[in-house]
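**Q** Return atomic coordinates for the entry below.
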Amino acid sequence: MALVLLSLGANLGDPIATLSNAIELLQKNVLDDVHVSPFYETEPVGVTDQPRFINVAVTGTSDASARQIHDACKDLELYLGRQQRQRWHEREIDIDVILVGNSILDDEDVHIPHLRMHERRFVLQPSCDLVPDAVCPRTGKPLSQLLLECTDAVSRPIRLQVTGYR
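**A** Model prediction:
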């Protein structure tokens, strides 16, 4: 069983309800031993004329391959109503696979560990709330070190009080 780290975000509809629903479905269908970070509110990256995002990290374990986990997460996004839009635009739900144990997967459309995780405070802060010592196999550095080195000044996360998790 490998440690799986996911980053979830949403900024359309009721993001907290959508993210909570996604977490429940991940727990039932994709991951064992699920843990959830605090929820954070963050500024959008890229296209800034849109609502702020709500982000959360989820860890769990799985014996599925990195590709299988990715595909299950994409299926879950569609089930939860994600619409296709241009890159960095608003989203009903976004589930990114950040880490799957020590796996490195580089297919034409899938990269695990996530290629830009070290550039995104909205990914690293919630992730460090759960697994600060998890090591990125691309860099050999723990997430806590990547957070210290992160120069992302745009998406400074604001911790939210959301009941039912943590």
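**Q** drop to CA atoms for contacts and neighbour counts, all remaining ones
**A** Fine.
**Q** Checking the residue sitting furthest away from the middle of the chain next. Helix, strand or coil?
**A** Of all residues in the chain, D49 has its C-alpha farthest from the mean position, at 21.8 Å, by C-alpha atoms, centre = their mean. Using DSSP: H, G, I helix; E, B strand; the rest coil, the three-state assignment for D49 comes out as coil.
**Q** and the strand or helix carrying R67, what other elements does it pack with?
**A** Here R67 sits within helix 66-79, counting by DSSP states H and E. Packing partners of helix 66-79 (3 or more C-alpha pairs under 8 Å, 6 or more residues apart in numbering; DSSP states H and E): helix 15-29, strand 94-100.
**Q** What is the subsequent helix or strand relative to the first one?
**A** Scanning forward in sequence from helix 15-29 by DSSP H and E, the next helix or strand is strand 32-36.
**Q** Direction included, what does that next one pair against?
**A** Sheet pairing for strand 32-36, assigned by DSSP bridges, gives strand 53-62 (antiparallel).
**Q** ok, back up a step: for the residue farthest from the centre of the chain, what are its contacts?
**A** With contact set as C-alpha atoms under 8 Å, 6 or more residues apart in numbering, D49 has no partners.
**Q** again, only using 10 Å
**A** Each residue near D49 by C-alpha atoms under 10 Å, 6 or more residues apart in numbering is listed here: 43, 89-90.
**Q** Not counting its own residues, what contacts the helix or strand of the chain with the lowest mean pLDDT?
**A** Using mean pLDDT, DSSP states H and E, the weakest-scoring helix or strand in the chain turns out to be strand 158-159, at a mean of 76. For strand 158-159, the surrounding residues in contact (C-alpha under 10 Å, 6+ apart) are 37-43, 54-56, 122, 125-126.
**Q** picking up where we left off before, JSON lines for the helices and strands packed on helix 66-79, including mean neighbour count?
**A** Formatted as JSON lines, the helices and strands packed on helix 66-79 follow (neighbours: other C-alpha atoms under 10 Å):
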{"stretch": "helix 15-29", "mean neighbour count": "17"}
{"stretch": "strand 94-100", "mean neighbour count": "24"}
